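**Student:** Need the 3D shape of this:
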Amino acid sequence: MTAEDSWWLEWEDRVYFSHSMVQQAGVTTLFSPDLWHEVLGVAKAVPGRLLHLQVRMEGLMVNLVNFYALTSGPERLQFYQQASAFLGTLDFHECLVLGGDFNTTLEERDRSGTKQSPAAADTLWKIVEHHSLVDIWHDDHPDDTSTFIFVRVEAHQSRHSQLDRIYLSCFHLSRAHSSSIRLAPSSDHHLATVTASLCVERPGLAYWHFNNSLLEDEGFVTSFQELRLAW
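**Tutor:** Here you go, the predicted structure:
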């Protein structure tokens, strides 16, 4: 029995793998048995590094992209260039969920004691901007500067960084309800989770209504005119 067979038997639902011949590689996507979904396409764009599934879930078209970036700076840059080219082939109007181990951070607060590849980070930043992606953890915890995914202590020195992240299309950001980072005892990486809704947006009013009585407030009108000019 192969390792894949064991996963299938234990999980009891569909599992999608993308393997590699090297040790620090390999990605997989698992679906909950309770989730109704239809997988329309599978692409192992970069074997062991980039796994893409186009899925219809509760009527919502979702592109699930699983990343495992390389640790070497030049190789990581090449991977991001390949990833950028592949992501450019996806339908921009469909929901994009991009998650995994990026081995790169985009903000200074996300790393300490770790080396950064500026070229790779710049390419990843362009991917995030071009596809209008939002880091769910940072959006949900804007003031948290002490929680990290990757933590390692060696020779009395500690390294910690936010290498693993989950991005979501900003157009579907209201579907994300919460995110968390929890301990994973068998790994030097913690577990990142996001809870999201497929078919129901966050509850709230559909439209914002302006309070017309404010137009009679000279102070408000003056300050708003100044703000408008500043904009």
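
**Student:** Pull the longest helix along the chain out as PDB, backbone CA atoms only.
**Tutor:** Longest helix in the chain, counting residues (DSSP state H): helix 73-87. Provided in PDB are the C-alpha atoms of helix 73-87 (Å, rounded to 0.1, in the frame of the first residue of the first chain):
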ATOM      1  CA  GLY A  73      16.800  32.700  -3.300                       C
ATOM      2  CA  PRO A  74      17.500  32.300  -7.100                       C
ATOM      3  CA  GLU A  75      15.400  29.100  -7.300                       C
ATOM      4  CA  ARG A  76      12.600  30.800  -5.300                       C
ATOM      5  CA  LEU A  77      12.600  33.700  -7.800                       C
ATOM      6  CA  GLN A  78      12.300  31.400 -10.700                       C
ATOM      7  CA  PHE A  79       9.400  29.600  -9.000                       C
ATOM      8  CA  TYR A  80       7.600  32.900  -8.400                       C
ATOM      9  CA  GLN A  81       8.100  33.800 -12.100                       C
ATOM     10  CA  GLN A  82       6.600  30.400 -13.100                       C
ATOM     11  CA  ALA A  83       3.800  30.900 -10.600                       C
ATOM     12  CA  SER A  84       3.100  34.400 -11.900                       C
ATOM     13  CA  ALA A  85       2.800  33.200 -15.500                       C
ATOM     14  CA  PHE A  86       0.400  30.400 -14.400                       C
ATOM     15  CA  LEU A  87      -1.800  32.500 -12.300                       C
END
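
**Student:** quick one: buried residues of it?
**Tutor:** Across helix 73-87, burial judged by 16 or more other CB atoms under 10 Å covers 73, 76-77, 79-80, 83, 87. To be clear about C-beta, it is placed using only N, CA and C from the backbone, and glycine gets the same treatment.

**Student:** Packing partners of the helix or strand of the chain with the lowest mean pLDDT?
**Tutor:** Every helix and strand of the chain was ranked by mean pLDDT, DSSP states H and E. The lowest is strand 150-154, at a mean of 74. The contact analysis (3 or more CB pairs under 8 Å, 6 or more residues apart in numbering; DSSP states H and E) places strand 150-154 against strand 157-161.

**Student:** Parallel or antiparallel, list what pairs with the strand it packs on.
**Tutor:** If you go by DSSP bridges, strand 157-161 pairs up with strand 111-112 (antiparallel), strand 150-154 (antiparallel).

**Student:** what mean pLDDT does stretch 91-108 have?
**Tutor:** The average pLDDT within stretch 91-108 is 92.

**Student:** where does that stretch sit relative to the chain's centre, distance-wise?
**Tutor:** How far stretch 91-108 lies from its chain's middle: 4 Å, per CA atoms, centre = their mean, to the nearest Å.

**Student:** List the buried residues for that stretch?
**Tutor:** Buried-residue list, stretch 91-108, by 16+ other CB under 10 Å: 94-106.

**Student:** Just the CA trace of the least confident helix or strand of the chain, in CSV.
**Tutor:** C-alpha atoms of strand 150-154 as CSV (Å, rounded to 0.1, in the frame of the first residue of the first chain):
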residue,chain,number,x,y,z
PHE,A,150,7.8,29.7,11.7
VAL,A,151,9.8,29.5,14.9
ARG,A,152,13.2,27.9,15.3
VAL,A,153,15.9,28.2,18.0
GLU,A,154,19.5,27.2,17.2
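
**Student:** Could you find the lowest-pLDDT member of the buried residues of helix 73-87?
**Tutor:** Among these, Gly73 carries the lowest pLDDT, at 83.
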